[in-house]
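[1] Give me a model of this one.
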Amino acid sequence: VGTGYYSEFKAALTAPRDDDEAVFFLFVMAEGELWVDQVHLRPAGMGPYRQDLLEAFRSLRIPVLRFPGGCLATCYHWRHGAQPLHMRPVMPDAVFKWDMSYEFGTEEYLALCLDQGIRPQITVNIGTGTPAEAGEWAAWCADWFRRQGVEAPVAYWQMANEISSVHE
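    Below you'll find the model as predicted:
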């Protein structure tokens, strides 16, 4: 997806009432081609995450949170989750044979950790990644904290522990 032909467009929609069964419909009135990838419908001002879930998560007082976890780390490439949201690809997962979304990437993970006082534990991809990629990820994370105006916390870096069927 490293091309310039994807663009992000935002629109404010007004609904006459709350409706859990509401349907989003997009009608194009001219000939052409339109690709729609990610549509997020939520109340104005809510932000990307439900506040009630974030508060429930906060109540757990988690000291360390691993990302990405489990078999996902076998084929997780951090750069895909560090791009603007509308540029993030959906990739085939070599382990489970479904699509893997990068919608929740390193930036969102680090923001969650910073907001909730959680120590990051990042799982390095040793299935399809390289040592250089892991080093670049560590540098990017440290720089992310600097851009937030805070010192990077001591983080745990784990070598993936569940290498599964990536080479068939």
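[2] Below-threshold pLDDT in the protein: ranges please.
    1-9, 33-45, 47, 94-96, 161-168 (pLDDT under 70).
[3] for the protein, which helix is longest?
    With DSSP state H setting the assignment, residue counts place helix 131-147 as the longest helix in the chain.
[4] list the helices and strands that one packs on?
    helix 106-116, strand 119-124 (3 or more C-beta pairs under 8 Å, 6 or more residues apart in numbering; DSSP states H and E). C-betas here are computed from N, CA, C, even on glycine.
[5] Could you dump those into JSON lines with distance to residue 20 and mean neighbour count added?
    Shown next, in JSON lines, are the helices and strands packed on helix 131-147 (distance: least, C-beta to C-beta, whole Å; neighbours: other C-beta atoms under 10 Å):
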{"stretch": "helix 106-116", "distance to residue 20": "25", "mean neighbour count": "18"}
{"stretch": "strand 119-124", "distance to residue 20": "35", "mean neighbour count": "19"}
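[6] Distance check, the most centrally placed residue in the chain against residue 48.
    Nearest to the mean C-alpha position of the chain, by C-alpha atoms, centre = their mean, lies residue 104 at 1.7 Å. Shown here: residue 104 relative to residue 48, a distance of 9 Å by C-beta to C-beta, to the nearest Å.
[7] same check, this time on residue 83
    15 Å.
[8] my read: the residue nearest to the centre of the chain touches residue 81, true?
    Yes: under the criterion of C-beta atoms under 8 Å, residue 104 makes contact with residue 81 at 7.4 Å.
[9] hang on, the earlier thing: residues in contact with the longest helix of the chain: which ones?
    Residues outside helix 131-147 that contact it (C-beta atoms under 8 Å, 6 or more residues apart in numbering) are 77-79, 82, 106-107, 110, 114, 120, 122, 124-125, 151-153, 155, 157.
[10] buried stuff in it?
    By neighbour count on 16 or more other C-beta atoms under 10 Å, the buried set for helix 131-147 is 133, 134, 137, 138, 141, 144, 145.
[11] now do stretch 81-91
    Applying 16+ other C-beta under 10 Å to stretch 81-91 flags 81, 82, 85, 87, 88, 89 as buried.
[12] Save these as a markdown table, and put in secondary structure and distance to residue 55 too.
    Shown next, in a markdown table, are these (DSSP: H, G, I helix; E, B strand; the rest coil; distance: C-beta to C-beta, whole Å):
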| residue | secondary structure | distance to residue 55 |
| --- | --- | --- |
| 81 | helix | 24 |
| 82 | coil | 27 |
| 85 | helix | 23 |
| 87 | helix | 30 |
| 88 | coil | 26 |
| 89 | coil | 31 |
